[in-house]
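Visitor: sequence and predicted structure are below.
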Amino acid sequence: MNGFVSRGFRRHRQTPEDLAERLPPGQYYEPGFPVLTAGPTPKVATEEWSFRIDGMVGKEREWTWGEFGALPFEEVPCDIHCVTKWSKLGTSFRGVSVDVLLEDAEPLEAYAMAFSYGGYTTNHAIEDLTDGKAWVVIEHEGEPLPREHGGPARLLVPHLYFWKSAKWVAGLRVMDHDEPGFWEMNGYHNHGDPWKEQRYWTD
Amino acid sequence: MPAQMSPVEQRAPGRWQLGTVTSIKEETPRVKSFRFELPMWMPHLPGQHYDVRLTAPDGYHAERSYSIASSPLDRGEIELTIDRLEDGEVSPYFHDVVVEGDEVELRGPFTSYFVWRGERPVLLVGGGSGVVPLMAILRHRRRTMPELPMRLVYSVRNADDVIYKDELGDDAVLTFTREAPEGWSGHTGRINGELLEQADLDSGSAFVCGSNGFVETASSLLLDAGFPAERIRTERFGPTG
C-alpha cells in the first residue's frame, strides 16, 4: 500500500542505535528468547542422541554424543530472526560447523533435509549449509542448550529465518532434489531469507 | 514454492490489503475483538492467522501476527482478538487509537498446521488469550457440525480475564487459576489430568494454545495420559506486542 499511513500510529519500540541496521525489514528487537514449537517438546537424552548424515553421500556418517564432543567446536556469535517478527541480536552459540560434518560424508547432491527427534523437518540447499554458514550447536551463551530451545543439539543457520534452524536435530539427509520440510509445506517460504522478507509462500 | 499447496493457500492472496474496522468489542479490560471488512477476503481454515502492518508518518513499520477468531462462514470479514501488551507498540495502538471506520493493512490467511479440518473428536485447550484460534474452531463447528464432539478447556486467572464469556456454553469448561468469581462451583486451579480426561485417547486430536509454560504443562499432561504426540498440535504465544 504505497503511501498508506496508519492514523495516529507512532513508533514506540526502540532498538539500541548500534543494532538498528542489523534488524531485517518487519522485524523488531527482542531482548528475550521466546519459544515457538509446533508440538510437545521432545525429550532426548544425550545417551540416546546421535547425529547422522545419510542419503546421497559418498559415505554415511554417524556420531554419538561422545564422538560429537570430540569434534572441533567453535563459538558462533550471531543474530537470529524468527518469522513471527522478533529478532534476537548479538547472541552466541557453540557448536560444530556443518563444513566439518560434511567433509567426511562427501555430499554428492545439492540439497539436504534436516530431520529431528519428534519428526520435524526443514529443507536446505547445501550451499546454505556450507562455507561457514551453518552449525550443529549444543550451547547457548555458555550454557547447555535448553531442551525447549532444541537441546541437546539444534541446527543453527542464522542467515535464514529461525524455523530453518531445526531443534532436536538428528541429522541431514542429502538429496538430489529440493523438497519442502514441515513449515515449508505448511505455508512458510521455501528459502526464508529475512533480508528479502521471505516469510510465506507468496513472498 | 512447494508443489503441494492446499486449496486455501492457493486462493490466498498473501498480499497487503486495506481492511476497514466495522466493529470493536471490549471482551475484557485488556482484550478487544476487532472485525474487519476485507476487499480481498478469502475463506480461512479455523486456526489460521493474519499479519497486520502499521506505518508511521516517517515510514516506520511494525508488523505482528494475530489469530483469526471468526468462522470462515462470516463472508467478507474476519475478527481478530487482540490482547493489550503494555510495553508493545501494535496492541496498544489497536486498544487506544483504532475506532470504527479506521483502515488497517492486513494480509492472510497464513499457515496450515494449527488448523482444524473437520477431524473428530477434538479437545481444545487454551490458556488466556490462547483461546482465540480455538474460538475460531469452536464457532465454526457450532455453525457447521454442532453434533461433532468438541470440548474446550479454558484456563484463566480470574473473572476479568474471560474472553468470549457470553459464548462459553456446554461445550466449554472453565478453570480459574488465581481467583474464582463469587459463588463459582466449577473448576479452580491450574489445568490438570482430570480436566483433560475429555481427551479421546484412541482417535482424538488436541489443539493446545497459550503461553509457552501453559502449552508445556498441558501437552505434558496429555502425553502422560497416553495421548500420542503426533495428534497434539500446539501454538505458543511469543511476545507479540
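Guide: Perfect, I can see it now.
Visitor: so the residue of chain B found nearest chain A, which state does it fall into?
Guide: Minimum separation of chain B from chain A (CB to the nearest CB) falls at B:G14, amounting to 3.3 Å. The C-beta positions use only the backbone N, C-alpha and C, and glycine is treated the same way. Per DSSP: H, G, I helix; E, B strand; the rest coil, the secondary structure class of B:G14 is coil.
Visitor: show me the shaky parts of the chain.
Guide: The chain I'm using is chain A. For chain A, applying pLDDT under 70 flags the ranges A:1.
Visitor: chain B is the one I meant
Guide: Residues of chain B that meet the cut-off, pLDDT under 70, sit at B:1-13, B:238-241.
Visitor: can you count the residues close to the residue of chain B closest to chain A?
Guide: Per other CB atoms under 10 Å in any protein chain shown, the neighbour tally for B:G14 reads 18.
Visitor: now it. Nearest residue, chain neighbours left out?
Guide: A:T202 (3.3 Å; CB to CB, 6 or more residues apart in numbering or on different chains).
Visitor: verify the contact between that neighbour and A:N190 for me.
Guide: No: the pair A:T202 / A:N190 is not scored as a contact, 11.3 Å apart, by CB atoms under 8 Å.
Visitor: ok, back up a step: got the contact list for the residue of chain B closest to chain A?
Guide: Shown in contact with B:G14 (CB atoms under 8 Å, 6 or more residues apart in numbering or on different chains): A:Y200, A:W201, A:T202, A:D203, B:R107, B:G108, B:F110.
Visitor: dump the residues you listed to a markdown table, plus secondary structure and neighbour count.
Guide: Listed next are the contacts of B:G14 as a markdown table, based on DSSP: H, G, I helix; E, B strand; the rest coil; neighbours: other CB atoms under 10 Å in any protein chain shown:
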| residue | secondary structure | neighbour count |
| --- | --- | --- |
| A:Y200 | strand | 19 |
| A:W201 | coil | 22 |
| A:T202 | coil | 14 |
| A:D203 | coil | 15 |
| B:R107 | strand | 23 |
| B:G108 | strand | 26 |
| B:F110 | strand | 24 |
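Visitor: out of those, the closest to B:R75 would be?
Guide: In terms of CB to CB, no member of the contacts of B:G14 lies closer to B:R75 than B:G108, at 15.4 Å.
Visitor: I figured that closest one hits B:H44, correct?
Guide: Yes: using CB under 8 Å, B:G108 makes contact with B:H44 at a distance of 7.1 Å.
Visitor: so for those two, which residues contact both of them?
Guide: Contacts common to B:G108 and B:H44, judged by CB under 8 Å, 6+ apart, are B:I68, B:I78.
Visitor: centre of chain B to the edge, which residue is at the far end?
Guide: B:D58 (32.4 Å; CA atoms, centre = their mean).
Visitor: so where does it fall, helix or strand?
Guide: In the assignment (DSSP states H and E), B:D58 maps to no helix and no strand.
Visitor: which ones are touching the residue lying closest to it once chain neighbours are set aside?
Guide: Closest residue to B:D58 apart from its sequence neighbours, by CB to CB, 6+ apart: A:R11 at 7.6 Å. By CB under 8 Å, 6+ apart, the contact list for A:R11 reads B:A56, B:D58, B:Y60, B:A62, B:E89.
Visitor: phi, psi for the first one please.
Guide: The phi and psi torsions at B:A56 (degrees, to the nearest 10) take the values phi -90, psi 160.
Visitor: that one is in contact with A:F9, isn't it?
Guide: Yes: using CB under 8 Å, B:A56 is in contact with A:F9, at 5.2 Å.
Visitor: between those two, which is the more surrounded one?
Guide: Neighbours per residue, other CB under 10 Å: of B:A56 and A:F9, the larger number sits with A:F9, 20 against 16.
Visitor: not counting its neighbours along the chain, what's nearest the more buried one?
Guide: B:L54 (4.7 Å).
Visitor: and the one you found, that one's in a helix?
Guide: No: B:L54: not assigned to a helix; according to three-state DSSP it is strand.
Visitor: which strand residues bridge it?
Guide: Beta-bridge partners for B:L54, by DSSP bridges, are B:A62.
Visitor: burial measure for it, as a count.
Guide: So B:L54, with other CB under 10 Å, has 25 neighbours.
Visitor: tell me the contacts of it?
Guide: A:S6, A:F9, B:H61, B:A62, B:E63, B:E89, B:V90, B:Y93, B:V104, B:E105.
Visitor: do the same with B:I191
Guide: B:V125, B:G127, B:V153, B:S155, B:T175, B:F214, B:T217, B:A218, B:L221.
Visitor: returning to what we had before: out of the contacts of B:L54, which one sits closest to B:G19?
Guide: Taking the contacts of B:L54 together and measuring to B:G19 by CB to CB, the closest member is B:V104, at 5.3 Å.
Visitor: I figured the closest one hits B:R35, correct?
Guide: No: if you go by CB under 8 Å, B:V104 and B:R35 don't touch, sitting 11.3 Å apart.
Visitor: these two: which is more packed in?
Guide: Shown here are B:V104 and B:R35; by other CB under 10 Å, B:V104 has more neighbours (23 against 19).
Visitor: so how many other residues sit close to the residue nearest to the more buried one when sequence neighbours are not counted?
Guide: Distances taken as CB to CB, 6+ apart place B:G19 nearest to B:V104, at 5.3 Å, with adjacent residues excluded. With neighbours defined by other CB under 10 Å, the count for B:G19 comes to 25.
Visitor: can I get the strand or helix carrying B:G19 as PDB, trimmed to CA atoms?
Guide: Element membership for B:G19, per DSSP H and E: strand B:17-28. The C-alpha trace of strand B:17-28 is given here as PDB (Å, rounded to 0.1, in the frame of the first residue of the first chain):
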ATOM      1  CA  GLN B  17      -4.900  -5.100   1.600                       C
ATOM      2  CA  LEU B  18      -6.700  -2.300   3.500                       C
ATOM      3  CA  GLY B  19      -9.300  -3.700   5.800                       C
ATOM      4  CA  THR B  20     -11.900  -1.400   7.400                       C
ATOM      5  CA  VAL B  21     -12.800  -1.800  11.100                       C
ATOM      6  CA  THR B  22     -16.500  -2.400  11.200                       C
ATOM      7  CA  SER B  23     -16.900  -3.100  14.900                       C
ATOM      8  CA  ILE B  24     -14.900  -3.200  18.200                       C
ATOM      9  CA  LYS B  25     -16.000  -5.300  21.200                       C
ATOM     10  CA  GLU B  26     -14.400  -5.000  24.600                       C
ATOM     11  CA  GLU B  27     -14.000  -8.600  25.700                       C
ATOM     12  CA  THR B  28     -12.200  -7.900  29.000                       C
END
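Visitor: now the contacts of B:L54 in a markdown table, with distance to A:E103?
Guide: Shown next, in a markdown table, are those (distance: CB to CB, whole Å):
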| residue | distance to A:E103 |
| --- | --- |
| A:S6 | 51 |
| A:F9 | 51 |
| B:H61 | 42 |
| B:A62 | 44 |
| B:E63 | 40 |
| B:E89 | 46 |
| B:V90 | 46 |
| B:Y93 | 51 |
| B:V104 | 51 |
| B:E105 | 47 |
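Visitor: all set now, cheers.
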